[in-house]
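> After the sequence you'll find the predicted model.
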Amino acid sequence: MAKLYFYYASMNAGKSTTLLQADFNYRERGMTTMLWTAAIDDRSAGRGADHAIESRIGLHATAHRFSPETDLVAQIVPLHAVSPLACLMVDEAQFLTEAQVWQLAHLADSVNIPVLCYGLRTDFRGQLFPGSAVLLGIADALIELKAVCHCGRKATMNMRVDAQGAPVIEGAQTEIGGNDRYVALCRRHFSEARA
């Protein structure tokens with residue numbers, strides 16, 4: 001029976017890199033995969049469709065894009081019927097809706113497609129993203145990827161910073177950005193920076 005996996009971490013832990021390596025491993029063995037990522041993250045728009053999922057170390061791949069309105073079952077099952085999928089991989093899984101996470105669980109449980117989701121656990125305030133909360137609750141396997149704080153400890157928090165590098169403690173939960181907007185920190189340094 002297929003499983004639903006959630007690979008989670010703070011920023012800069014290599015989530016997209018790990019997804020792209022897993023995709024490569026499947027494809028190298030002649031297996032068909034399907035990649036999805038959040039439509040809200042459009043940072044790669046100027047670099048072309050082949051950069052829909054892009055890691056900080058330069059790896060990239062094309063991917064389907066989901067928005068809150070996307071019915072993943074309706075999109076994936078017809079394609080799976082034509083070309084059976086060995087694995088479905090979702091980047092930026094924190095942006096999934098609760099309903100979409102349950103759709104992915106259905107694809108694993110009833111359609112027998114392994115589903116690997118990669119995303120942030122918490123936002124810049126230390127609060128769970130809706131998609132991550134459901135994944136943490138129902139995924140068959142939870143795998144934490146490690147990032148490193150400047151002190152050498154495991155980074156588990158995502159601190160949003162302004163243009164001068166000062167902590168931002170208020171604002172919308174979602175603001176797309178990379179190293180220019182977020183710093184991965186251990187809980188201690190996250191708390192100290194926000195004090």
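That came in fine, so what should we check first? Residues are numbered from 1 along each chain as shown.
> Have a look at this structure and report its longest helix.
Ranked by residue count under DSSP state H, the longest helix found in the chain is helix 15-28.
> What segments of this protein are strands?
In the chain, the strands defined using DSSP state E lie at 4-9, 33-38, 53-54, 60-61, 64-66, 87-90, 115-120, 141-144, 147-148, 154-155, 157-160, 182-185.
> from the chain's centre, how far out does the third one sit?
Remark: strand 53-54 is offset 11 Å from the chain centroid, using CA atoms, centre = their mean, to the nearest Å.
> partners of it, with directions?
Neighbouring strands of strand 53-54 in its sheet, by DSSP bridges, are strand 60-61 (antiparallel).
> Count the neighbours of Y8 for me.
24 (other CB atoms under 10 Å). For the C-beta atoms, the positions are set from N, CA and C on the backbone; glycine is no exception.
> who touches it in this structure?
By CB atoms under 8 Å, 6 or more residues apart in numbering, the contact list for Y8 reads 15, 118-121, 132, 135-136, 142-145.
> where in the chain is pLDDT low?
41-51, 56-57, 60, 174, 176-180 (pLDDT under 70).
> quick one on the thing from earlier: so how do I select the buried members of the contacts of Y8 in ChimeraX?
In ChimeraX, this line selects whichever of the contacts of Y8 come out buried by 16 or more other CB atoms under 10 Å:
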select :15,118,119,120,121,132,135
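> Now distance to C151 too, for the contacts of Y8, in CSV please.
Output for these, formatted as CSV (distance: CB to CB, whole Å):
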residue, distance to C151
K15, 22
Y118, 25
G119, 25
L120, 21
R121, 20
S132, 25
L135, 28
L136, 26
L142, 25
I143, 24
E144, 18
L145, 19
